[in-house]
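[1] Below are the sequence and a predicted model for it; my questions follow.
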Amino acid sequence: MGEPEESAPEALAVCGIDHVVLRTDRLDEVLAFYRERLGLPLERAIEELGLYQLRAGRALVDIVDGALWKAEAGDGESRYHHFALQVEGGDVSALAAWLDARGVPHGEPAERYGARGMGWSVYATDPDGRTVELKLVPPASESPARPGGGGA
């Protein structure tokens, strides 16, 4: 690990939560709660993956079927899977280098779906073992209109 470049920012420009992922063994009950009781509309479903993405304002709540998502929970996880922070920027390699320079353990960059559609992200791990997805979004000055119309 080297020193951060002089032009690198001291802090990430976190601009919001992108999505939260909840793993469940009671899929029908949990979906009914969020959809019928809380009124979150279903935006996207990939049933063969056991993935149901519900719109929550500018963010998503992902419900994943525990019967299909058998991955072991991390040290800091139980039914919680991960959460994602929206981070301004466009260069996923620079984000990975930024994490490396600070000794933050992380996975390989990948393109994933989130509240603003497809985009690049990196899964990092916090000190308690929880997964935190850092999802790149264009800076506010370059952001397209958000789903559902309108701005802030």
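    Perfect, thanks for sending it. Residues are numbered from 1 along each chain as shown.

[2] helices and strands around the worst-scoring helix or strand of the chain on mean pLDDT, which ones?
    Across the helices and strands of the chain, mean pLDDT, DSSP states H and E gives its lowest value to strand 80-88, namely a mean of 86. Packing contacts for strand 80-88, counted by 3 or more Cβ pairs under 8 Å, 6 or more residues apart in numbering; DSSP states H and E, involve strand 14-24, strand 131-137. In short, each C-beta sits where N, CA and C put it, glycine included.

[3] closest to Y113 out of those?
    Nearest of the helices and strands packed on strand 80-88 to Y113, taken as Cβ to Cβ: strand 14-24 at 8.8 Å.

[4] Just checking the distance from that closest one to the centre of its chain.
    The chain centre lies 5 Å from the centre of strand 14-24; the measure is Cα atoms, centre = their mean, to the nearest Å.

[5] Could you do stretch 82-89 as well?
    Relative to its chain's centre, stretch 82-89 lies at 6 Å (Cα atoms, centre = their mean).

[6] hmm, back to that, can I get the helices and strands packed on strand 80-88 in TSV with distance to G114 and mean neighbour count?
    Formatted as TSV, the helices and strands packed on strand 80-88 follow (distance: least, Cβ to Cβ, whole Å; neighbours: other Cβ atoms under 10 Å):
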stretch	distance to G114	mean neighbour count
strand 14-24	4	18
strand 131-137	5	22
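
[7] follow-up on the earlier one: tell me the angle the least confident helix or strand of the chain makes with strand 131-137.
    30 degrees (axes from the mean of the first three to the mean of the last three Cα atoms, to 10 degrees).
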